[in-house]
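*Asks:* Turn this into a structure:
(chains A and B)
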Amino acid sequence: MTRLSTAFSRGPALITFITGGDGPTADILDALVTGGADVIELGMPFTDPMADGPAIQQANLRSLGAGTTTAEIFRIAAAFRARHPEVPLVLMGYANPMITRGAEWFADQCQQSGVDGVICVDIPPEEDPELGPALRGAGVALIRLATPTTDAARLPAVLDGSSGFLYYVSVAGITGLQQAAQASIEEAVARIKASATIPVVVGFGVRTPEQAAAIAKVADGVVVGSALVELVAQHGANAAGPVRDLTAALADAVHSAR
Amino acid sequence: MTTAPNHNSFRTQPDERGHFGQFGGRYVAETLMPLVLELEAEYTRAKADPAFQAEFDDLLEHYVGRPSPLYFAPRLTEELGGAQIWFKRDELNHTGAHKINNCVGQILLAIRMGKTRIIAETGAGQHGVATATVCARFGLPCVVFMGATDVARQAPNVFRMKLLGAEVRAVTAGAATLKDAMNEALRDWVANVHDTFYIIGTAAGPHPYPELVRDFQSVIGKEARAQMLSRVGRLPDLLVAAIGGGSNAIGLFHPFLDDPEVKMLGVEAAGHGLDKEHAASLAGGRPGILHGNKTYLLQDADGQITEGHSISAGLDYPGIGPEHAWLRDVGRVDYTSVTDVEALDGFQLLCRTEGIIPALEPAHAIAAVKKIAPTMDKDQIILLNLCGRGDKDIFAVAEHLGVSL
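*Replies:* Below you'll find the predicted structure:
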């Protein structure tokens, strides 16, 4: 059992996203764990976050403005791993910072820092050689995205080489804005789970415990990002408390859904 | 003319996965990937459809005003005292630049695909105006994303786009210039994949954009090659073109790539100087991934993208089309750069010697020719792509020359 598979073995999982280097990251990560998050997604800031809505765009710029480097992201990850040996940690971001020193370097850093998986927004299966082999070689999960435009013919290519979990993006759009209809989520999750041998989680536009609970009835996990990132924007250095409270409400909803 | 055997051809790129050597590719979010594959399939069908080519050719002739003239520049040649200088006059196209060639091709593709809404990004506004123009011509709604900084400094083009019926959305994210406009266009596209076609303005972005933009712009080089053979009975010795993303340059170069006697020079924007702020991705960047393709990018050690700077808003982009990245690495095309100050000098030189006010983009090519022509023999021929006219730039030039209008 890996840290990720253990997390999903306990029932529906709450997966929380924050942007690394935006606010007091170590405190916020601890608040997520205390609040009951099962998997942590740590966003790697990028100058050009093309798939993100305003909340996470601004978080990226705040983080870079504060001088966050890739080395700092790995320091944050390694320190998290030391404090929380059992909680899975996934890096999420864009291709260029991941490949800029070479995919092998990046995969090696992930392994050494205790990172369990990587979500890269802009490397589709067609460009897998860019990053996939290096991550698999280092034993780091390559977590791919499926979307409403990923049809049945394409789904096997997305699943091939994926590990850890599959992240279903419930809306064709950017993070933090739209909310998908529950019926469309249920249909898509059922369709994907019929083919997938790894957990299927749902994200994009999930903000409230009610939404999270509804999704957790059908999916293996629920991702919440922008709502937490907005708390960091609002509370800055004092964000840990509000982040813990929202996480606790979300975790309670997700964990009691089934 | 002898052409190189096919296995040595420089004209067979990209491969079936959209790669030019290590460059190019399809680095897009999963939401867009099926659409990008659909566009590729439709473009493959369109290329094989004589009716598509016929409609493209007809619009280029009667709407754009092609073929554009091939012009010998006698006084500039005399002033520089070396090689004969010829211009491919794409600044005489409808809308005043080469951008319209590509927009005509892409809107025909959009219509074939049943798309009912057009989006585009623009920096200086030339591509935005060209896109708004073809949208008006075909009656499709058009949204142009433009950095708020550029909206402020390119007011005449913003007004033109609005006159043509387009909605101009000012993008305030990031530095609010072309790169940020492209990010915002991609965000819109990902949220409107079912009805929206994204008309990308340069030979960059995810495959098949670099290929199809090149193909639509190759009308420049095809015409120039035939015109040269007809007028002087031989090919030019050197092609010169300015490069931001590189669409006018690849359009001129591509039909000549397998003519080994024709040398080629792409001219990047060195801005305040290569040791200061500039937009010369080949000279000052290294390979990376942005906006759907792998290419040379201006970036820091962590792969964060840095802002380009050029006096020319059309060259002010931190990347370059992937085919140029490949042509540079295989050594088929040479690349150089000229500064803002040199480009301003080239701008005035052309005004004074030939009675042509060029855009600041080809003014960079003029500045490069000013350095090279005197080193060449008088029986040699330089062909420069005069890819845009300077009406849009007179305010910026006046400001830099200390003249208040």
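*Asks:* going forward, measure contacts between C-alpha atoms and count neighbours the same way
*Replies:* Noted.
*Asks:* Spatially, and excluding backbone neighbours, which residue is closest to A:Q178.
*Replies:* Once flanking residues are discounted, A:Q178 sits nearest to A:G205: 5.3 Å by Cα to Cα, 6 or more residues apart in numbering or on different chains.
*Asks:* That neighbour belongs to a helix, doesn't it?
*Replies:* No - secondary structure assignment places A:G205 outside any helix; it is coil (DSSP: H, G, I helix; E, B strand; the rest coil).
*Asks:* That one and chain B: what is the separation?
*Replies:* A:G205 sits 13 Å away from chain B, taking Cα to the nearest Cα, to the nearest Å as the criterion.
*Asks:* just the residues of the stretch 51-200 of chain A that are near chain B, which are they?
*Replies:* Proximity of the stretch 51-200 of chain A to chain B (Cα under 8 Å from any Cα of the partner chain) is limited to residues A:51-52, A:61, A:69-70, A:95-101, A:121-124, A:126-127, A:145-150, A:171-174.
*Asks:* Now which of these would you call buried?
*Replies:* Buried members of these, counted by 16 or more other Cα atoms under 10 Å in any protein chain shown: A:51-52, A:61, A:69-70, A:95-100, A:121-124, A:145-150, A:171-174.
*Asks:* In strands, which of those appear?
*Replies:* When these are checked against strands (DSSP state E), the matches are A:L145, A:A146.
*Asks:* for the chain, which strand is longest?
*Replies:* As the question left the chain open, I've gone with chain A. Longest strand in chain A by number of residues, with DSSP E as the criterion: strand A:13-19.
*Asks:* sorry, should have said chain B
*Replies:* strand B:263-271.
*Asks:* roughly how far apart are whichever residue of the stretch 101-250 of chain B sits closest to chain A and B:A41?
*Replies:* Going by Cα to the nearest Cα, chain A is nearest to B:A191 of the stretch 101-250 of chain B, at 3.8 Å. B:A191 sits 22 Å away from B:A41, going by Cα to Cα, to the nearest Å.
*Asks:* Give me the more crowded residue out of those two.
*Replies:* A direct count of neighbours by other Cα atoms under 10 Å in any protein chain shown for B:A191 and B:A41 places B:A191 higher, at 19 against 12.
*Asks:* which residue is nearest the centroid of chain A?
*Replies:* A:E41 (3.8 Å; Cα atoms, centre = their mean).
*Asks:* got the phi/psi numbers for that residue?
*Replies:* When read as degrees, to the nearest 10, the backbone of A:E41 gives phi -100, psi 120.
*Asks:* Spit out the contact partners of the residue in the stretch 201-350 of chain B that chain A sits nearest to.
*Replies:* Residue nearest to chain A within the stretch 201-350 of chain B: B:G303 (4.5 Å; Cα to the nearest Cα). The contact partners of B:G303, taken as Cα atoms under 8 Å, 6 or more residues apart in numbering or on different chains, are A:N96, A:P97, A:M98, A:T100, B:G288.
*Asks:* any idea which element the closest residue to the second one other than its chain neighbours lies in?
*Replies:* In space, and not counting its chain neighbours, A:P97 is closest to B:G303: 4.5 Å by Cα to Cα, 6+ apart. Under the criterion of DSSP states H and E, B:G303 resides outside all helices and strands.
*Asks:* Mind pulling the model confidence for B:G303?
*Replies:* B:G303 is assigned 98 on the pLDDT scale.
*Asks:* So which residues of chain A form strands?
*Replies:* Using DSSP E, strands in chain A cover A:13-19, A:39-43, A:89-93, A:117-120, A:141-142, A:145-146, A:166-169, A:200-203, A:221-224.
*Asks:* could these go into TSV alongside mean pLDDT?
*Replies:* Putting the strands of chain A into TSV (pLDDT from 0 to 100) gives the following:
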stretch	mean pLDDT
strand A:13-19	98
strand A:39-43	98
strand A:89-93	98
strand A:117-120	98
strand A:141-142	98
strand A:145-146	97
strand A:166-169	97
strand A:200-203	97
strand A:221-224	98
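*Asks:* how about the residues of the stretch 151-300 of chain B near chain A?
*Replies:* B:174, B:180, B:183-184, B:186-188, B:190-193, B:288-290, B:292.
*Asks:* can you pull the contacts of B:I200?
*Replies:* Counting by Cα under 8 Å, 6+ apart, B:I200 has contacts B:A120, B:E121, B:Y209.
*Asks:* hang on, isn't B:R187 packed against A:P49?
*Replies:* No - contact criterion Cα atoms under 8 Å: B:R187 and A:P49 do not qualify, at 9.5 Å.
*Asks:* More neighbours: which of those two?
*Replies:* Shown here are B:R187 and A:P49; by other Cα under 10 Å, A:P49 has more neighbours (23 against 20).
*Asks:* which one is the more buried one nearest to, not counting chain neighbours?
*Replies:* Nearest to A:P49 is A:Q57, by Cα to Cα, 6+ apart, at 6.1 Å.
*Asks:* partner residues bridging the residue nearest to the centre of chain A?
*Replies:* Judged by DSSP bridges, the bridge partners of A:E41 are A:F17, A:V90.
*Asks:* in stretch A:38-50, what counts as buried?
*Replies:* A:38-50.
*Asks:* Skipping adjacent residues, who's closest to A:Q109 in space?
*Replies:* A:F74 (7.1 Å).
*Asks:* Identify the residue spatially nearest to A:F106, adjacent ones excluded.
*Replies:* Leaving aside its sequence neighbours, A:F106 sits nearest to A:M98 (Cα to Cα, 6+ apart; 6.0 Å).
*Asks:* Got the confidence number for the residue of the stretch 101-250 of chain A found nearest chain B?
*Replies:* Nearest residue of the stretch 101-250 of chain A to chain B (Cα to the nearest Cα) works out as A:G173 at 3.8 Å. Here the pLDDT value assigned to A:G173 is 88.
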